[in-house]
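Engineer: Starting from these lines, generate the structure:
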Amino acid sequence: MENVGIYTPPQKNKPITGEVSDKFHVNLTNEDLEVTQSAQDKLNEIISQSDEDVSAIRIYIGGGGCGGMSYGMTFTDEKSDFDTVLGFDGFNIYVDVVALNYLRGAQIDYIQEVGRERFVFNNVFAQTGGTGACGGCGSAGGGCA
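Structural biologist: Take a look at the predicted model:
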């Protein structure tokens, strides 16, 4: 039998040198995540009226299944090592790197309609493509949350 090849064991990974900040950009830009002026104003109002010691809003994602991801916001006063930051006058927005992969290029807006006020996440798949819905279960009918 002919020798097909010589086995070479994999090389051990070389340690990464340098600071984490060389590879991981903590500060976000408006291109990463746009927050409209109306959303900024409302978030600032909510934080300033809070009785809690709140300095930031955390944007998070939830598992989506067939209908895509769900997006939300909550108060926070703690920043993790994996958070990216979008700073405004009076507050910061924290987005962890996993959630940022699903939010990059999105816009957060605040809409006031008769009898209804809400934050909406627009263009959440702007840079990754797709709609977040497969259409197989009827959830891909369109519209925004």
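Engineer: Looks like residue 108 contacts residue 35 (just checking).
Structural biologist: Yes - assessed by C-beta atoms under 8 Å, residue 108 is found in contact with residue 35 at 4.8 Å. Any C-beta I mention is one placed from the backbone N, CA and C, and that applies to glycine too.
Engineer: between the two, who's got more neighbours?
Structural biologist: residue 108 (24 against 21; other C-beta atoms under 10 Å).
Engineer: helices or strands up against the longest helix belonging to the chain?
Structural biologist: Counting by DSSP state H, the longest helix found in the chain is helix 37-49. Counting contacts by 3 or more C-beta pairs under 8 Å, 6 or more residues apart in numbering; DSSP states H and E, helix 37-49 packs against strand 83-88, strand 91-96, strand 106-113.
Engineer: could you dump the second one to PDB, C-alpha only?
Structural biologist: Coordinates of each C-alpha in strand 91-96 appear next as PDB, following Å, rounded to 0.1, in the frame of the first residue of the first chain:
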ATOM      1  CA  PHE A  91     -26.600  58.500  29.400                       C
ATOM      2  CA  ASN A  92     -24.900  55.700  27.600                       C
ATOM      3  CA  ILE A  93     -26.200  52.800  25.600                       C
ATOM      4  CA  TYR A  94     -24.500  49.400  26.200                       C
ATOM      5  CA  VAL A  95     -24.700  46.600  23.600                       C
ATOM      6  CA  ASP A  96     -22.800  43.400  24.100                       C
END
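Engineer: For residue 56, which non-adjacent residue is closest in space?
Structural biologist: residue 92 (4.2 Å; C-beta to C-beta, 6 or more residues apart in numbering).
Engineer: ditto for residue 112
Structural biologist: For residue 112, the spatially nearest residue (C-beta to C-beta, 6+ apart) is residue 38, at 7.9 Å.
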